[in-house]
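> sequence and predicted structure are below.
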Amino acid sequence: MFKNKTVWITGASSGIGEHVAYEMASTGANLILSARRQEELERVSHGCQALGAAKDTILVLPLDVTDEAALAGAVPLALGFKGHIDMLYNNAGISQRSTCVDTDMAVYRKLFEVDVFGQIALTKLVLPHMIERGQGHIAVTTSVAGKVGVKHRTGYCAAKHAMMGFFDALRAEVSALGIIVTTITPGFIKTAISENALVGDGSRFGKMDGNISGGMEVEDCARHIMKGFRAGKKEIAVGKGKEMLVLRIKRFLPNSLFKIMEKIG
């Protein structure tokens with residue numbers, strides 16, 4: 001399915017993005033790896049090569065998704081790599097660990113710049129190319145937090161809800177144009193997401209949540225995502241814990257879910 005396809009992954013320097021890159025590399029895909037840290041992208045590139053990917057099938061393209069001018073400059077480089085982009089996987093993102101009353105507005109704005117506006121801006125730049133070709137695949141990592149509200153995540157939940165809304169609406173717009181849109185809703189996945197989360201003053205949380213440390217292994221998460229891509233799923237829920245049950249409870253018993261979330265912290 002992905003052999004010789006060109007896949008652009010943001011947030012590719014760690015976590016889900018890194019391990020989806022490894023999965024893609026093993027299928028024979030061409031990879032464009034983007035994130036802010038070039039040295040980490042180079043490490044991931046070497047990991048892909050260790051799985052059999054040729055060096056000329058990987059482009060390391062450092063990128064800050066909040067820099068719209070840099071995004072505009074990166075797209076021609078990405079298109080020039082193999083002449084086309086078959087999949088854009090928007091995976092860059094940051095989380096939050098602070099109550100609303102203790103969170104600076106600057107933190108809320110940063111969460112939206114990274115988790116929402118950066119994804120929208122890059123998608124808008126790549127989308128005309130896909131429309132012209134009459135084919136393409138846009139994927140985005142949202143979260144179970146894009147479906148329910150969680151304590152100490154007001155900004156993160158707001159951003160992920162916004163992403164779900166935007167990409168669900170985009171799917172409705174572009175499906176008739178030959179373009180697939182996939183939203184991915186992870187639960188607790190064992191990554192550094194909580195360590196890199198922002199607290200109320202914008203500093204780094206710096207530790208791993210118990211729920212995260214007990215979550216699904218990121219390698220298993222990446223394999224599940226790839227399975228969903230191959231099955232043509234429009235929304236891929238991935239996780240192993242009780243948090244995955246909230247997706248059904250929210251749908252059928254919303255008042256019960258609100259009471260449950262009040263007790264969880």
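Cool, the structure landed.

> where do the helices sit along the stretch 151-265 of the chain?
154-174, 210-213, 218-231, 246-252, 254-263 (DSSP state H, counting those that start in this stretch).

> closest to Val144 out of these?
helix 246-252 (6.5 Å; CB to CB). Glycine gets a C-beta too; all of them are placed from N, C-alpha and C.

> avg pLDDT for that closest one?
Mean per-residue pLDDT for helix 246-252: 72.

> I figured Ile9 hits Leu31, correct?
Yes. Taking contacts as CB atoms under 8 Å, Ile9 lies within contact range of Leu31: 6.9 Å.

> who touches both of the two?
Ala21, Met24 (CB atoms under 8 Å, 6 or more residues apart in numbering).

> Ala106: neighbour count?
11 (other CB atoms under 10 Å).

> got phi/psi on the residue lying closest to it once chain neighbours are set aside?
In this structure, Ala106 finds its nearest non-sequential neighbour in Gly202, 6.0 Å apart by CB to CB, 6 or more residues apart in numbering. Here is the backbone geometry of Gly202 (degrees, to the nearest 10): phi 90, psi 0.

> confirm for me that Gly202 is in contact with Met105.
No. Between Gly202 and Met105 there is no contact under CB under 8 Å: 10.4 Å.

> chain center to stretch 108-120: distance?
Computed by CA atoms, centre = their mean, to the nearest Å, the chain-centroid distance of stretch 108-120 equals 12 Å.

> mind listing what's buried in it?
Tyr108, Lys110, Leu111, Phe112, Glu113, Val114, Asp115, Val116, Phe117, Gly118, Gln119, Ile120 (16 or more other CB atoms under 10 Å).

> out of the helices of the stretch 151-265 of the chain, nearest to Ile138?
Here helix 154-174 is closest among these (CB to CB), at 7.2 Å.

> need the CA coordinates for the closest one. PDB is fine.
Output of helix 154-174 as PDB, limited to C-alpha atoms (Å, rounded to 0.1, in the frame of the first residue of the first chain):
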ATOM      1  CA  THR A 154      -8.500  22.500  29.300                       C
ATOM      2  CA  GLY A 155      -6.200  23.900  26.600                       C
ATOM      3  CA  TYR A 156      -5.200  20.600  25.300                       C
ATOM      4  CA  CYS A 157      -8.700  19.300  25.100                       C
ATOM      5  CA  ALA A 158      -9.900  22.500  23.500                       C
ATOM      6  CA  ALA A 159      -7.100  22.200  20.800                       C
ATOM      7  CA  LYS A 160      -7.800  18.500  20.200                       C
ATOM      8  CA  HIS A 161     -11.600  19.100  19.900                       C
ATOM      9  CA  ALA A 162     -10.800  21.800  17.400                       C
ATOM     10  CA  MET A 163      -8.600  19.400  15.400                       C
ATOM     11  CA  MET A 164     -11.400  16.800  15.300                       C
ATOM     12  CA  GLY A 165     -13.900  19.300  14.100                       C
ATOM     13  CA  PHE A 166     -11.600  20.800  11.400                       C
ATOM     14  CA  PHE A 167     -10.500  17.500   9.900                       C
ATOM     15  CA  ASP A 168     -13.900  15.900  10.100                       C
ATOM     16  CA  ALA A 169     -15.200  18.900   8.200                       C
ATOM     17  CA  LEU A 170     -12.300  18.800   5.800                       C
ATOM     18  CA  ARG A 171     -13.100  15.100   5.100                       C
ATOM     19  CA  ALA A 172     -16.600  16.100   4.000                       C
ATOM     20  CA  GLU A 173     -15.200  18.700   1.700                       C
ATOM     21  CA  VAL A 174     -12.500  16.700  -0.100                       C
END
